[in-house]
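Chemist: Mind folding the following:
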Amino acid sequence: MNDDLKFQLRLTLSDEFAPVARSNPGAPSISPLTNILKRHDAVMKCQFDAFADYVSEAESNGVENYHLYEWTKKTIEDPAKKAKYVKSFTLYVGGEEVYEKDKADELEAELKSLVGGPIVAKMFRYDTDPAHNPQPPHRGVLDSDVWWHVFLARLPGHVELLRGFQAPGGPQPLSRRHCSLFASGAHDGGSRLASSS
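Modeler: The predicted structure follows:
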């Protein structure tokens, strides 16, 4: 395995506990999860909130400099997509959105016991290998709503990545790092570690 690969874990929480994790992550009701995260210096970030933060930042600073603004806004305003993303949480370890294999392995091993239980419905693992991730589009598909919705569904869900994105041909084309981080979406790719029935 390539020693330079980094990894990311993502959780889908249950309908009951996803709102708790978003509004009150210190709540005792989700302590079985948060206690594990604390032991690994990890925190959760809701994907929907990450998208909403991007939209808010764009509207504050000028949407003309945020190339994914229109499509991200459409996504968070779509009730079906909101219902999906409010339950999806990216795990940061040591403040990093992607992290070394040993850190991912150790955190994954502890979290597995919660998957399929009342708090965690599913868990997914992604890596930064470009061969596993969608590549940036050709200019001809940039105006396709369909492509952008696929893009948003497959993006790891971080404001950092959205902020760094520039459309091909723009002043700062996608870097190799950004291309490598277009991880597969929770429902159509990646490594499904475990899920509820």
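Chemist: neighbours of residue 93, just the number please.
Modeler: 21 (other C-beta atoms under 10 Å). Heads up, the C-betas are built off the backbone N, CA and C, glycines and all.
Chemist: Give me the pLDDT value at it.
Modeler: The per-residue pLDDT reported for residue 93 equals 96.
Chemist: Then residue 187?
Modeler: 33.
Chemist: now the helices for this protein?
Modeler: Assigned by DSSP state H, the chain shows helices spanning 18-23, 31-39, 47-61, 69-77, 79-85, 101-111, 145-154, 159-164, 176-180.
Chemist: Quick one: closest of those to residue 5.
Modeler: Nearest to residue 5, of all the helices of the chain, is helix 101-111, at 6.8 Å by C-beta to C-beta.
Chemist: what sits up against the closest one?
Modeler: 1, 5, 7-9, 11, 33, 36-37, 39-40, 42, 91, 93-94, 120, 123, 125, 193 (C-beta atoms under 8 Å, 6 or more residues apart in numbering).
Chemist: repeat that for 6 Å
Modeler: The contact list for helix 101-111 (C-beta atoms under 6 Å, 6 or more residues apart in numbering) reads 7, 9, 36, 40, 93, 123.
Chemist: isn't the fifth one right up against residue 43?
Modeler: Yep, that's residue 93 we're talking about. No. Look at residue 93 against residue 43 with C-beta atoms under 6 Å: they stay out of range, at 8.4 Å.
Chemist: Please name the nearest non-neighbouring residue to residue 65.
Modeler: In space, not counting the residues next to it along the chain, residue 65 is nearest to residue 58; the distance is 7.6 Å by C-beta to C-beta, 6 or more residues apart in numbering.
Chemist: ok, residue 131 - how many residues close by?
Modeler: 7.
Chemist: no wait, residue 81
Modeler: By other C-beta under 10 Å, neighbour count at residue 81 equals 17.
Chemist: Residue 52 versus that one, what's the distance?
Modeler: Residue 81 sits at a distance of 12 Å from residue 52 (criterion: C-beta to C-beta, to the nearest Å).
Chemist: Please apply the same query to residue 30.
Modeler: 21 Å.
Chemist: contacts for stretch 12-22?
Modeler: By C-beta under 6 Å, 6+ apart, the list of residues contacting stretch 12-22 reads 27, 29, 30, 44, 46, 86, 87, 88, 119, 121, 122.
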